[in-house]
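Trainee: Here's my sequence, what's the structure:
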Amino acid sequence: MERAVRELWEESRDLLGLHSPDDAAVPRAGVPPTPLAFLRDHVSPGRPLLLSSAATQHWPAASLWPTDSYLADALRSTQVSLHLTPDGRADALAPHPRPRRPGAKCFASAHVRQVDFSTAVRLIRGSDPGSGLVAYAQQQDDCLRGEYAAVAGDVDAHVPWASEALGCLPEAVNLWIGSASSQTSFHKDHYDNIYVVVSGEKHFLLLPPTEHHRLYVRDYPAARYVAEQEEQEGS
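Mentor: Below you'll find the predicted structure:
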């Protein structure tokens, strides 16, 4: 069995063009690919692509959003969804609050609170796992065209070369604002993503599909964090 699994793993890596550790490096490009090249070289084999910021420098957001006052002024009267966790790890494994066995874990989602945008920014900037509170604006329901509609026009409605390659327009466009304490656990998205870093930096750790068997996927009970006041009221 071990030999058969090893052969299957090697064959699947060959199909993805991952013949050596160097092949696993994420390809980089200074300009967007053609729709055909993107579909052939990246979408079909499930291989990521890292583009330079030149691909989105024409967006007004590229120059407006990093300023100190633009978003604060544009979203002054806007209520946004803020995700709160004690350590910055939303949608991640956490110790089970009522363990039936030592070391039991649950899959914990963040506590979501509606706050005005200025409060959200203040809490995000003040996030500190040491104090037990990390805030992250990470709503995933097409929030740029919903909660943040006032600034949605600062970015292109879609990425033409990607839309042509995928054969559809974006189903959701989100705006996420976090700090160095914001983390996202290992997961698999069942759709293709285009992630644009407008300001700051984002670190990704990617595994090729051939490594799925090494991740020990299993089920955990679902849970969510609650505010202390909410917990006391419900007890």
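
Trainee: Could you pull out the helices in this protein for me?
Mentor: 2-15, 35-38, 60-64, 70-74, 117-125, 160-166, 228-234 (DSSP state H).

Trainee: mind putting those helices in a markdown table, distance to S52, mean pLDDT and mean neighbour count included?
Mentor: Any C-beta I mention is one placed from the backbone N, CA and C, and that applies to glycine too. Below are those laid out as a markdown table (distance: least, C-beta to C-beta, whole Å; pLDDT from 0 to 100; neighbours: other C-beta atoms under 10 Å):
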| stretch | distance to S52 | mean pLDDT | mean neighbour count |
| --- | --- | --- | --- |
| helix 2-15 | 28 | 71 | 11 |
| helix 35-38 | 15 | 96 | 16 |
| helix 60-64 | 12 | 97 | 16 |
| helix 70-74 | 23 | 97 | 16 |
| helix 117-125 | 27 | 97 | 17 |
| helix 160-166 | 15 | 95 | 17 |
| helix 228-234 | 45 | 53 | 9 |
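
Trainee: Throw those into JSON lines and include distance to V198, thanks.
Mentor: Formatted as JSON lines, the helices of the chain follow (distance: least, C-beta to C-beta, whole Å):
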{"stretch": "helix 2-15", "distance to V198": "34"}
{"stretch": "helix 35-38", "distance to V198": "21"}
{"stretch": "helix 60-64", "distance to V198": "5"}
{"stretch": "helix 70-74", "distance to V198": "10"}
{"stretch": "helix 117-125", "distance to V198": "15"}
{"stretch": "helix 160-166", "distance to V198": "17"}
{"stretch": "helix 228-234", "distance to V198": "33"}
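
Trainee: In contact with the closest residue to D142 other than its chain neighbours: list those residues for me.
Mentor: Closest residue to D142 apart from its sequence neighbours, by C-beta to C-beta, 6 or more residues apart in numbering: A172 at 4.1 Å. Neighbour list for A172: 140-142 [criterion: C-beta atoms under 8 Å, 6 or more residues apart in numbering].

Trainee: Could you do P33 as well?
Mentor: So P33 contacts 41-42, 49, 161 (C-beta under 8 Å, 6+ apart).

Trainee: show me what contacts the residue nearest the centre of the chain?
Mentor: Residue closest to the mean C-alpha point of the chain, counted by C-alpha atoms, centre = their mean, is T184 at 6.5 Å. Listed by C-beta under 8 Å, 6+ apart, the contact set of T184 reads 90-91.

Trainee: per-residue confidence at it?
Mentor: The per-residue pLDDT reported for T184 equals 88.

Trainee: Just list whatever residues bridge to it.
Mentor: Beta-bridge partners of T184, counted by DSSP bridges, are A90.
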